[in-house]
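A.B. asks: Let's see this in three dimensions:
(2 chains)
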Amino acid sequence: MNLLWLQSGGCGGCTLSLLGAEAPGLFETLGGAGIRVLWHPSLSEASGGEVLDLLARVETGEVALDLLCIEGALLRGPNGTGAFHRFAGTRTPMIDWVRRLAARAHYCLAIGTCAAFGGVTAGGSNPTDACGLQFEGTYRGGLLGTDYRSGAGLPVINVAGCPTHPDWVTETLMAIALEGLTTQDLDAYARPRMYADQLVHHGCPRNEFYEYKASARTPSDLGCLMEHLGCLGTQAHADCNTRLWNGSGSCTRGGYACINCTSPEFEEPGHAFAETPSLAGIPIGLPTDMPKAWFVALSSLAKAATPERLRKNAVSDHVAVPPTIRPTKLR
Amino acid sequence: MSTLTLGPFNRVEGDLEVQLEVTDGRVRKARVNSPLYRGFEQILQGKDPRDTLVITPRICGICSVSQSVAAAYALADAAGVAMPPNGELATNLILACENLADHLTHFYLFFMPDFARPVYADRPWYADTEMRFRALSGSAAGVVLPARAHFMHLMGLLAGKWPHSLSLQPGGTAKPVQAQERIRLLAILGAFRRFLERETFGDPLETLVALDSASALDAWAARDPGRGDLRRFLQIADDLGLARLGRATDRFMSYSAYPSGGDRLFRTGLWADTGPQPLDIASIAEDPSHSWMVGGDPLHPADGVTIPDAEKANAYSWCKAPRLAGGVIEVGALARQLIDGHPLIRDLVSESGGNVRNRVIARLLELARVLMAMEDWVKAIAPGEPFCEQTAIPDEAIGVGLVEAARGSLGHWLTIRRGRVLNYQIIAPTTWNFSPRDAAGVPGALEQALVGAEVRPGETTPVAVQHIVRSFDPCMVCTVH
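C.D. replies: Residues are numbered from 1 along each chain as shown, chains lettered A, B, ... in the order given. Predicted coordinates:
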């Protein structure tokens, strides 16, 4: 299968993240799945005219375009001209290139939250009128429109994340190449369910603190980050704490809040990222699938029952009180 | 005279277009265009100042941590807070990991593949180079990507993830290192050292760092030709005359790097007129005269304005033109090592100035020097001691954050009013190196470095131009942010 990768209004971070793919590495994974990179802006030898010749052959259908990966938001400004990003070496706005190539693609993938939904590039006043390929925030549409389907009959596959995890990209590409992908494999935001049916909360090492609402107060505290420091791990769709990043990491393992970066409009949460908005001491954003009354009841009970060890460790930057050693044998 | 437009210009970070005027097989004039604008300085306006820690790293996926550190330093400056020793050490380790991974990626994946192009098929080193460095399939990629990924396990431990970590905070880092993790960090650094000593240098790091002159470097390279990729590069550089290619202004700047206990690993300063001079940050100004930006007169970044104007006459880039006391500056590893006074780099620059060969040597030297420092920083971490001071950000304040990213000097200038970001201005390293002309018509560093480059008959994307451009390791997404 032929893969073409283009970058627009993003930071290149999804590509750099992808280079960290492990066990096996990126090139082995792609090669093993029979995926051939036609061109990638960071990795390929071809530059300038060689690339434009290749793209011309893709447009005429002489070269098959099986997988089109777009990284970065699509910039429609100023005033609908697309002039905030012209594809270098041409006078043509990147949004025009993307529209033309997407019409040729058997599968079209948005790599990262910018390409999927607009992402941070669409934050604040959205000065460049940025949007995703088939979404603008939570709204369907985006650059290609609601009705767009790639050659395989699928909407744009949103491998969201800021950045996206290397495995989310390689596993989606492998699934397509080895077995095909159907709309049943995508969630309501067209994210691959392989990773989006999980919550970041799953496997979080702070779960014991969460159970007792033993909360961190400042960065570097060991406690749960939900109550005061803005953590959305109980609501964020991703497997970051069971799959892990760069060997053994995740945001909550790194000491900071999950900001729900696989989600549309994560860039504008309506409050400071590292702060939890609350009403009468109860966080406004409650865990997914949890009725508010139960959350309130359970939290007050849990707080009353918090062991001394967790209460102290939650506001410490190292284990101040180790677990009690206790014989577990039945006697 | 003929004109050439080069683009898409790949194996650089982000979007770049270069326009050349060519006469008699040489570049006579160059114009460097950054054709992508996203508007981070506008996006930041009105935000809670702490949110800059989330937003600014996303300027760039290749130097994300550098942006984080600059934002954290700017907030720390505004709040008047200092990091505890553990916080400094962990911040240095995270920043160093990113910088070294960048140097490694640049050398192996972005820069060297150009020497595997068929245009060099008649050179004696070609067969070996083609097997080793061919883009996507050369043997080097097969060992470098795993080594890089394993090295970046340091990010998993210390920063949660890379890129776009939130562990970098004004008061230190949010990730306290436990005793077991400290030992694991030493294992990660040890494995990366062995990779560098086996594949890149073919010698202990200490041997490379001890080279103190151009002649010592030549003797070292000749002692065991072909052992390690640096020697391979030196052979190519010698054959192609890369020391005579891509000379810019020979004025260099470094903000200094890696503070630790009141000292710094690399010194601050300016290098002009063949000697070190003090650096006056107040004399920095950004000139928008040839940028698609509103405004005319140069402004200090603390007073800077970023409002796009896509229709502006005489403009040809989204990049502004930063100047130091009105002059063009080159930044990067070569500038850092020169200003810090490493004898090898001082000697190379006194011989041949800033050029393609010397920029690459400085980057690889830095790989060795910084990795050795990282080993010391890990050993100095004291688990159980604090990593982060709590920081309250004042409602009215200004702050500046200066840091060295892999590609050179990065500055963030922040103004807070009524608890919100009133203004946020960024000058990234490639903004210095790839700036367009200023109001006086003076070309930026790359624009100067390209003059005189050879254009072979029939070349539409001259390979010499590609070497020069990539020798700066440009990061265009940072440049125009």
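
A.B. asks: List the contacts of the spatially closest residue to residue A:102 that is not a sequence neighbour.
C.D. replies: What sits nearest to residue A:102 in space, not counting adjacent residues and going by CB to CB, 6 or more residues apart in numbering or on different chains, is residue A:108, at 5.1 Å. Placement of C-beta: from N, CA and C, glycine included. When contacts are counted by CB atoms under 8 Å, 6 or more residues apart in numbering or on different chains, residue A:108 touches A:68, A:70, A:102, A:133, A:144, A:148, A:150, A:154, A:156-157.

A.B. asks: Would you write a ChimeraX line that selects the buried entries of these?
C.D. replies: Only the buried entries of the contacts of residue A:108 go into this ChimeraX selection, using 16 or more other CB atoms under 10 Å in any protein chain shown:
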select /A:68,70,102,133,144,148,150,154,156,157
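
A.B. asks: re earlier: for the residue nearest to residue A:102, give me the backbone phi and psi.
C.D. replies: Backbone torsions for residue A:108, taken as degrees, to the nearest 10, come to phi -120, psi 120.

A.B. asks: What is the burial count for the closest residue to chain A within the stretch 251-400 of chain B?
C.D. replies: Closest approach between the stretch 251-400 of chain B and chain A, counting by CB to the nearest CB: residue B:388, at 3.9 Å. Neighbourhood size, residue B:388 [other CB atoms under 10 Å in any protein chain shown]: 26.

A.B. asks: quick one: contacts for residue 231?
C.D. replies: The chain I'm using is chain A. Residues near residue A:231 by CB under 8 Å, 6+ apart: A:224-225, A:252, A:257-258, A:276.

A.B. asks: Sorry, I should have been clearer: chain B.
C.D. replies: Applying CB under 8 Å, 6+ apart to residue B:231 gives the contacts B:202, B:221, B:224-225.

A.B. asks: follow-up on the earlier one: please produce CSV containing the contacts of residue A:108, extended by secondary structure and pLDDT.
C.D. replies: Converted to CSV, those look like this (DSSP: H, G, I helix; E, B strand; the rest coil; pLDDT from 0 to 100):
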residue, secondary structure, pLDDT
A:68, strand, 98
A:70, strand, 98
A:102, helix, 98
A:133, coil, 98
A:144, coil, 98
A:148, coil, 98
A:150, coil, 98
A:154, coil, 98
A:156, coil, 98
A:157, strand, 98
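
A.B. asks: Report the two members of the contacts of residue A:108 separated by the largest distance.
C.D. replies: Among those, the pair separated by the greatest distance (CB to CB) is A:70 and A:154, at 14.5 Å.

A.B. asks: which phi and psi does the residue of the stretch 251-400 of chain B closest to chain A have?
C.D. replies: With angles defined as degrees, to the nearest 10, residue B:388 sits at phi -150, psi 130.

A.B. asks: Disregarding flanking residues, what is the spatial nearest neighbour of the residue minimising distance to the centre of chain B?
C.D. replies: In chain B, the C-alpha closest to the average C-alpha coordinate belongs to residue B:407, at a distance of 0.7 Å (CA atoms, centre = their mean). Of all residues not flanking residue B:407 in the chain, residue B:429 sits nearest, at 3.9 Å (CB to CB, 6+ apart).

A.B. asks: any idea how far chain A is from the one you found?
C.D. replies: Counting by CB to the nearest CB, to the nearest Å, the separation of residue B:429 from chain A is 15 Å.

A.B. asks: Residue B:64 contacts residue B:162, correct?
C.D. replies: Yes: between residue B:64 and residue B:162 there is a contact under CB atoms under 8 Å: 7.0 Å.
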